[in-house]
Structure formats: C-alpha cells, structure tokens
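Visitor: Just the structure for this:
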Amino acid sequence: PFAAVVRRLHGYHQVKFPSPFELLCWAIMSQRTPIGLARRSKHALMRECGGRIVDGGAELLAFPEPDRLIALPADRLATLISNPRKAHLLHGALRGWVELDEGFLHTGPYEEVRDRLLELPGIGPWSAGFLMIRGLGRMERVSADREMFRAVARWYGRDVGEQEFRDLAARYGAHQGCWAHYLRAA
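Guide: Purely as a prediction, here's the structure:
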C-alpha cells in the first residue's frame, strides 16, 4: 500500500548534497559542531581550493574536487577547518574515498556499501546512514537514531524499541528511506 503513497508523492524526496564527496566532508566537519562553525570550515575549504566564477559581480564558489583537498598538507587543512582532530579524520577519509568505486557506492548491495563507508576515518553509523541517503540517494534502508525514534513515537502514538522499529521499517521494503523521511517531515 505504501507504494501508492510513493507514487502519489513522486518528485518529493530527501534533498541530496551536490555530491557524495562533499557530503563525506560535511559529515565529518559538522559532527558535534555548531552549524555556523561547520559552515565556516566548509567555506574556508572552498575559498582555499574550490572552483570559482563571477556572475553579475557576485563571486560563486564550488566545493573542491577530491584531488585538490588531498593535496592540502594536514597542517593547512587543520588551520582551515580550525580543528586538528577533524582535519586528521578528514585527511584519512579523503584518502579512503578516492579508493572507492563510486559506481559500487550507488548500486552495490546496501550492507556492503555501508560497511565500506564505516571503514573510512570519522564515519560512524549515523554518518554512514547520512551518506547513504543524502549523498548517494540510497533510500532502501533506514538508520535508527534518536530523531527517527521520536518521529515514529509521534506518528504511531507510542515509543517503540529497536526490534519493533526494524519490524515496522521492514514492512516498507525498498521504500524504507521514503517512509522514514515522510515520518520526519510529517
């Protein structure tokens, strides 16, 4: 029955980042960090080594390509994002990312892709789920986190445990990510 809802709402979807690589960097820079500080870190990277054009007198910056960020020395990366620990994690994640086959990330078995993402420095379960949905557009599974449990309790009128959550999500098959997004947005 949920397939009919997905069809009716065709075109409404979880917003994705411009690239999975950009989201990888954002996931690390924004962990346990005020959004304004994370945004400043991202803009510092863009100013340092991203692309730029001027349109109508306004300078527009693009997020750097992987090779440009990998070429940054670790100490320069730490200065730009104002966090040596995150710079170390980001540098390791960048090196790991370029070894991944992006085609596999988009089409490989969900659990295998998630496991590969979890091998990257700085990427834990929440960040891997974030990358799967908002970076790669992989909506066939859903990660259980506090916000998801709150959304389920709000919609279903009661708290649910981990197993009941899994059972509920399983009912939605390949649309689990859509179900989760719709619950959060409702």
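Visitor: From now on I want contacts and neighbour counts done on CA atoms only, so please keep to that.
Guide: OK.
Visitor: Secondary structure of Phe130: a helix, I assume?
Guide: Yes. Counting by DSSP: H, G, I helix; E, B strand; the rest coil, Phe130 is located in a helix.
Visitor: Which residue, other than its chain neighbours, is closest to it?
Guide: Closest residue to Phe130 apart from its sequence neighbours, by C-alpha to C-alpha, 6 or more residues apart in numbering: Ala27 at 7.7 Å.
Visitor: Could you do Phe2 as well?
Guide: When the adjacent residues along the chain are set aside, Phe2 lies closest to Tyr172, with 6.8 Å between them (C-alpha to C-alpha, 6+ apart).
Visitor: Which pLDDT value belongs to the one you found?
Guide: At Tyr172, the pLDDT value in this model is 89.
Visitor: so Gly177 makes contact with Gly137?
Guide: No. Judged on C-alpha atoms under 8 Å, Gly177 makes no contact with Gly137 at a distance of 9.3 Å.
Visitor: Please identify which of those two sits among more neighbours.
Guide: Gly177 (24 against 18; other C-alpha atoms under 10 Å).
Visitor: Could you give the separation of the lowest-mean-pLDDT helix or strand in the chain from the chain centroid?
Guide: Within the chain, no helix or strand scores below helix 2-8, which has a mean of 80 by mean pLDDT, DSSP states H and E. Helix 2-8 sits 25 Å away from the centroid of its parent chain (C-alpha atoms, centre = their mean, to the nearest Å).
Visitor: ok, back up a step: what's around the residue nearest to Phe130, how many residues?
Guide: Neighbour number of Ala27 under other C-alpha under 10 Å is 21.
Visitor: same question, Ile35
Guide: By other C-alpha under 10 Å, the residues close to Ile35 number 12.
Visitor: State the distance from Arg134 to Glu48.
Guide: Distance, Arg134 to Glu48, using C-alpha to C-alpha, to the nearest Å: 25 Å.
Visitor: and if you look at Leu90?
Guide: Counting by C-alpha to C-alpha - Leu90 and Glu48 are separated by 16 Å.
Visitor: Who has more neighbours out of the two?
Guide: Higher neighbour count among Leu90 and Glu48: Leu90, with 27 against 17, using other C-alpha under 10 Å.
Visitor: surely that one meets Leu23?
Guide: No. If you go by C-alpha under 8 Å, Leu90 and Leu23 don't touch, sitting 11.7 Å apart.
Visitor: residues in contact with the nearest residue to Met132 once chain neighbours are set aside?
Guide: Of all residues not flanking Met132 in the chain, Arg138 sits nearest, at 5.1 Å (C-alpha to C-alpha, 6+ apart). Contacts for Arg138 were tallied using C-alpha atoms under 8 Å, 6 or more residues apart in numbering; they are His106, Tyr110, Met132, Gly177.
Visitor: Now for the second one, how many residues are close by?
Guide: So the one you mean is Tyr110. Around Tyr110 there are 16 other residues, counting by other C-alpha under 10 Å.
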